[in-house]
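Student: this one's sequence-less:
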């Protein structure tokens, strides 16, 4: 007696996107292709286009799926704690999905899901008593941190597919190179030496540095609010 046929799982947009996320988590976003995704799903490539328009639409859907999964803060949290909870959830998501940072940085149009997260952060700022003017500037100051990562220049992606959050440069110079750099760039060398002494396992501690910067920004925003800051009032001369 022949074995009963296994029912094929219906293909829909959610399944396509979930499989694409798994593929990007494993191999990186650059390695993700429509053909490879179709192979994972056991369908012909053309079948995907009933559910996503192209790779850009696929990646936008992947971003939406992850952002929609950000944990909502507890309802009884104060405004500042709510902001930090939202951002902590975003940062955890970037850690789970190293491709997410690059995908967000490359995106050109916010989707409704993306706008909803931005609106929630802005709502917490309004709940702090800030004016629309200060909320506007605070959102710019927070920038990519509301998505869980800090902007960093001259950093090399390390430790996984695509790019990990706030990845430090990959290689430590040899002793001779370090001596030469210390002579030429003494202040940078002093900072690096102190950090290495404090944190022997790695001079940069991305999570601590991220939290430091976020606290600094939120403290400054609170001070500006208390001082009645307005963007249309010129700064006093020093």
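Tutor: Arrived safely. What you are looking at is a predicted structure, and each value in this text was computed from that prediction instead of being measured. Numbering: from 1, shown residues only.
Student: can you read off the pLDDT for the closest residue to residue 199 other than its chain neighbours?
Tutor: Leaving aside its sequence neighbours, residue 199 sits nearest to residue 205 (CB to CB, 6 or more residues apart in numbering; 5.6 Å). Any C-beta I mention is one placed from the backbone N, CA and C, and that applies to glycine too. We have a pLDDT of 85 for residue 205.
Student: output the below-cut-off pLDDT ranges for the chain.
Tutor: By pLDDT under 70, the low-scoring segments of the chain are 1-7, 155-172, 203, 237-238.
Student: ranges for the helices of it?
Tutor: Under the criterion DSSP state H, the chain contains helices at 13-27, 34-41, 45-48, 55-68, 79-96, 100-106, 112-127, 132-142, 175-184, 186-198, 206-226.
Student: so residue 99 touches residue 26, yeah?
Tutor: No - counting by CB atoms under 8 Å, residue 26 is not a contact partner of residue 99; they are 10.0 Å apart.
Student: need the helices of the chain in TSV (columns: distance to residue 152).
Tutor: Shown next, in TSV, are the helices of the chain (distance: least, CB to CB, whole Å):
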stretch	distance to residue 152
helix 13-27	21
helix 34-41	30
helix 45-48	34
helix 55-68	20
helix 79-96	13
helix 100-106	10
helix 112-127	21
helix 132-142	16
helix 175-184	19
helix 186-198	15
helix 206-226	9
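Student: out of the ones you listed, nearest to residue 148?
Tutor: The closest of these to residue 148 is helix 79-96. By CB to CB, the value is 3.5 Å.
Student: the closest one to helix 112-127, inter-axis angle?
Tutor: Taking axes from the mean of the first three to the mean of the last three CA atoms, to 10 degrees, one finds that helix 79-96 is oriented at 150 degrees with respect to helix 112-127.
Student: quick one, helix 79-96 and helix 13-27 angle?
Tutor: 70 degrees.
Student: what's in contact with helix 79-96?
Tutor: Identification of contacts with helix 79-96 by CB atoms under 8 Å, 6 or more residues apart in numbering yields 25, 66-67, 69-71, 73-74, 77, 100-101, 117, 120-121, 124-125, 127-128, 145-149, 164-165, 207, 210, 214, 218, 222.
Student: cheers, nothing more for now.
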